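Participant: heads up, no residue letters with this:
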Ligand code: F6P
């Protein structure tokens, strides 16, 4: 299979770039009154406006051709069919099966996975219901008031992000907490106010071998047993979520208290599986399933919509346009919604662990840039922190803006102020301000000609900065499911075009291996000398301080 740069559409786009690069979006809007209609798509009540991008109809045609030539149609179908598209780990990639609400059979090695998916969903329903109603009691007979999820990466970021995003739907009697960092301060601060009699620990790890999670899990167990010295009480206060029954039993959690998922669920795509148990505990299983329905709605859109009207596909293609032709290296995610505070962190793992790759699926080095640095903060906080660089810095940073039309808590004019900022930022990033406009702005200030020119230059904004806007009625479970699935399929689209495996994460292994060696050195008394001079020096200095 040829790499993307060898495809005819890539060459077309390289040529086309030369005609687009000098053009300003201001002029594109002025020249085409139908631009918003042409470059926006409604899906349910979600509006995806991509008209503030450096594109024309020819750009989209060429990008869509690139997707076709890269075999996107076949690649999408292969994922949904359950083929082993994660070639290095020889696994299927089936987070779409976890929310396959149509219950269409999906086969892995000839076996339909849907009965297993539905069975675990049913167990999650029964368990979350019994905890939420108080039927499930702790060892001393009290109802559960606090759930502590212990996990890291995909076993933490997804449920944590969603629980926060859907707090308005949460049962206030059941608080959710998330411990991920092996830094003991994380665990200690979360446990400090908790009562072991009313606390339920959810130890979440796909492999059940992850150092951080096992260490935190053991310490949580010790904390619990110090206060309730009864091994049999563990069964009422510890449940596990994993694919690895043997390791769960070895850890000391009764496998009957284990919620299962499967190797065809990638960690960073797992919040739809039993890994979502803290979500179900927080908002209830009906709401959890509404989120699955939202994601399924987007799955069907991704699978069936024509490429030129396919939102996640266009999101992916626009990213490729900026990364590979304009040289962009980052992408900002800017939710104008405090409840989506953790979305950028969640998408950092989803995107950067998936597409931070430089060999293709055949093991050849790729000759082009791949996944961007993802960052962001909720608006309007980011405006007062890093937006300066977005507006006037030397880098091109494409941005996604997201907001709901309705607030969960209407309060005076807060929400309208919030949304006016969203709209103003996308307008300013697109329009910029010419030097002439800047001059007029300060003309009445009675400045010397020299100072006026100096200030006008500083107040000039180049504009022409691309943004996508996502606007929807309300951040409810269905909409959140849609948004997450849109990003998942965007990532898929980009990985497929870059011809990389978006579903392994070999790059995080080396550090894990080296940490094991270094830990033995930190704990032991032997001489330190097997590393480079810097690492040796740091280890020795660390030991000298203790
Ligand atoms: O180290 C990276 C990683 O493997 C992620 O991909 C994963 O989400 C995380 O660690 C946690 O893994 P586990 O769920 O197996 O504990």
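Facilitator: Noted; the coordinates are in hand. This is a predicted model, so every value here is computed, not measured.
Participant: contacting residues for the residue in the stretch 251-400 of the chain that the ligand sits nearest to?
Facilitator: Residue nearest to the ligand within the stretch 251-400 of the chain (CB to the nearest ligand atom): residue 267, separated by 2.6 Å. In short, each C-beta sits where N, CA and C put it, glycine included. By CB atoms under 8 Å, 6 or more residues apart in numbering, the residues touching residue 267 are 153, 154, 155, 206, 505.
Participant: any idea of the pLDDT on residue 2?
Facilitator: Residue 2 carries a pLDDT score of 82 in this model.
Participant: helix, strand or coil: sort out it for me.
Facilitator: Per DSSP: H, G, I helix; E, B strand; the rest coil, the secondary structure class of residue 2 is coil.
Participant: residues of the stretch 51-200 of the chain that sit close to the ligand?
Facilitator: By CB under 6 Å from any ligand atom, the residues of the stretch 51-200 of the chain that approach the ligand are 152, 153, 154, 155.
Participant: residue 174: how many residues sit nearby?
Facilitator: Neighbours of residue 174 under the rule other CB atoms under 10 Å: 22.
Participant: dig out what the closest residue to the ligand within the stretch 1-150 of the chain forms beta bridges with.
Facilitator: In the stretch 1-150 of the chain, the residue that lies nearest the ligand is residue 150 (9.8 Å; CB to the nearest ligand atom). When assigned by DSSP bridges, residue 150 has beta-bridge partners residue 179, residue 203.
Participant: list the contacts for it?
Facilitator: Residue 150 is in contact with 179, 180, 187, 201, 202, 203, 204, 213, 216, 217, 220, counting by CB under 8 Å, 6+ apart.
Participant: closest one of those to the ligand?
Facilitator: Nearest to the ligand, judged by CB to the nearest ligand atom, of these is residue 213 at 5.0 Å.
Participant: did I read that right, the closest one in a helix?
Facilitator: Yes: membership of residue 213 in a helix is supported by three-state DSSP.
Participant: any idea how many residues pack against it?
Facilitator: 27.
Participant: can you give me the distance of the closest residue in space to it that isn't next to it in sequence to residue 313?
Facilitator: Leaving aside its chain neighbours, residue 213 sits nearest to residue 205 (4.5 Å; criterion: CB to CB, 6 or more residues apart in numbering). Shown here: residue 205 relative to residue 313, a distance of 33 Å by CB to CB, to the nearest Å.
Participant: same question for residue 320.
Facilitator: In terms of CB to CB, residue 320 sits 11 Å off from residue 313.
Participant: what about these two, which has more around it?
Facilitator: Between residue 320 and residue 313, counting by other CB under 10 Å, residue 313 is the more crowded of the two (27 against 23).
Participant: which other helices and strands contact whichever strand or helix holds that one?
Facilitator: Assigned by DSSP states H and E, residue 313 belongs to helix 311-320. Applying 3 or more CB pairs under 8 Å, 6 or more residues apart in numbering; DSSP states H and E, one finds that helix 311-320 contacts strand 40-43, strand 46-49, helix 57-69, helix 285-304, helix 477-498.
Participant: okay, the ones you listed, which one's buried deepest?
Facilitator: helix 477-498 (a mean of 25; mean count of other CB atoms under 10 Å).
Participant: and the angle for it with helix 57-69?
Facilitator: Counting by axes from the mean of the first three to the mean of the last three CA atoms, to 10 degrees, helix 477-498 lies at 80 degrees to helix 57-69.
Participant: hmm, who's touching the following helix or strand past helix 477-498?
Facilitator: Using DSSP H and E, the next helix or strand after helix 477-498 towards the C-terminus is helix 509-523. Defining contact as CB under 8 Å, 6+ apart, one finds that helix 509-523 is touched by 211, 528, 530, 531, 535, 539, 542, 543.
Participant: so does helix 509-523 get close to the ligand?
Facilitator: No: using CB under 6 Å from any ligand atom, helix 509-523 stays clear of the ligand, with a minimum separation of 6.8 Å.
Participant: what about that helix, average pLDDT?
Facilitator: Here helix 509-523 scores 93 as its mean pLDDT.
Participant: ok now the helix or strand just after it, how far from the chain's centre?
Facilitator: Sequence-wise, the next helix or strand downstream of helix 509-523 (DSSP H and E) is helix 533-544. Chain-centre distance of helix 533-544: 36 Å, with CA atoms, centre = their mean, to the nearest Å.
Participant: and the strands in this protein, which stretches?
Facilitator: 40-43, 46-49, 107-108, 111-112, 146-150, 175-179, 199-204, 238-242, 258-260, 330-335, 373-375, 399-404, 467-472 (DSSP state E).
Participant: pLDDT on the second one, on average?
Facilitator: It refers to strand 46-49. In this model, strand 46-49 has a mean pLDDT of 98.
Participant: can you list the strands that that strand pairs with?
Facilitator: Strands that pair with strand 46-49, judged by DSSP bridges, come out as strand 40-43 (antiparallel), strand 467-472 (antiparallel).
Participant: how far off helix 311-320 does the last one point, in degrees?
Facilitator: Read that as strand 467-472. 160 degrees.
Participant: centre of the chain versus strand 467-472, how much separation?
Facilitator: Centroid separation for strand 467-472 versus its chain: 17 Å, with CA atoms, centre = their mean.
Participant: hmm, who's touching that strand?
Facilitator: 44-50, 52-53, 315, 318, 398-405, 422, 425-426, 429-430, 479, 482-483, 486.
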